[in-house]
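Coordinates only, no sequence provided:
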């Protein structure tokens with residue numbers, strides 16, 4: 001099983017992503033998203049995403065046909 005722990009930050013147009021844990025079925029990244037920016041839409045067939053908001057507010061869009069999920073600090 002491949003397991004990576006705390007890798008270097010990856011710079012994106014919207015901010016940075018830092019992989020903290022990477023396994024075949026789960027990844028944990030620290031996302032630092034610039035205000036009013038967003039990452040590209042993507043999906044995983046076999047991986048799970050979990051979010052914990054440290055500061056600000058995060059909106060998650062699951063589909064263009066459903067309302068956004070709003071997560072605030074501590075969610």
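Perfect, thanks for sending it. Just so it is clear, the structure is predicted and the values come from calculations on it, not from any experiment. Numbers count the residues shown, from 1 in each chain.

alpha carbons only for contacts and neighbour counts from here, please
Will do.

so where's the chain uncertain?
Confidence mapping of the chain against pLDDT under 70 gives the ranges 1-6.

now with 50?
Applying pLDDT under 50 to the chain flags no residue at all.

For it, which segments are assigned as strands?
With strands called from DSSP state E, the chain shows them at 4-5, 10-12, 15-22, 27-33, 57-60, 69-72.

mind listing what the fifth one pairs with, with the direction of each?
The reference is to strand 57-60. Partners of strand 57-60 in the sheet, by DSSP bridges, are strand 69-72 (antiparallel).

rewinding a little: of all the strands of the chain, which lies closest to residue 47?
strand 27-33 (7.3 Å; C-alpha to C-alpha).

what's the closest one in contact with?
Applying C-alpha atoms under 8 Å, 6 or more residues apart in numbering, the external contacts of strand 27-33 come out as 14-22, 47-50.

picking that back up, tabulate the strands of the chain in JSON lines, adding columns for distance to residue 40 and mean neighbour count.
Shown next, in JSON lines, are these (distance: least, C-alpha to C-alpha, whole Å; neighbours: other C-alpha atoms under 10 Å):
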{"stretch": "strand 4-5", "distance to residue 40": "23", "mean neighbour count": "12"}
{"stretch": "strand 10-12", "distance to residue 40": "10", "mean neighbour count": "11"}
{"stretch": "strand 15-22", "distance to residue 40": "12", "mean neighbour count": "16"}
{"stretch": "strand 27-33", "distance to residue 40": "12", "mean neighbour count": "17"}
{"stretch": "strand 57-60", "distance to residue 40": "11", "mean neighbour count": "14"}
{"stretch": "strand 69-72", "distance to residue 40": "16", "mean neighbour count": "12"}
